[in-house]
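In: build me a structure from this.
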Amino acid sequence: MKTIKFSEEDFKKLKNLFEEYKEIFGEPGETEWDLEDLDNLRQIGEEFMNIVAEKCGIDDIIPTALRW
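Out: Numbering: from 1, shown residues only. This next block holds a predicted model:
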């Protein structure tokens, strides 16, 4: 299994993105979001995964076809 080591700066970015995600996602069981919320969740996820991809040596982890 490969271990990824993040710099303190990247870890803070990931942590902040996760906090933003949780704030938009809401409480467990919440099932209603508007389209802006969904787009914001997508953007946060994409930014999060691109930070991870960079550490793994992958250029762009989110295929263009999956972008809105």
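In: quick check: buried residues in the longest helix seen in the chain?
Out: Within the chain, and with DSSP state H defining each element, the longest helix by residue count is helix 35-56. Within helix 35-56, the residues scored as buried using 16 or more other CB atoms under 10 Å are 40, 44, 46, 48-49, 51. In this view, the C-beta of every residue, glycine as well, is placed from N, C-alpha and C.
In: now flag whichever of those residues is closest to Phe6.
Out: Nearest to Phe6 among the buried residues of helix 35-56: Ile51, at 7.9 Å, using CB to CB.
In: do I have it right that that closest one meets Asp10?
Out: Yes: with contact defined as CB atoms under 8 Å, Ile51 counts as touching Asp10 (5.8 Å).
In: mind giving me the packing neighbours of the longest helix of the chain?
Out: helix 8-25 (3 or more CB pairs under 8 Å, 6 or more residues apart in numbering; DSSP states H and E).
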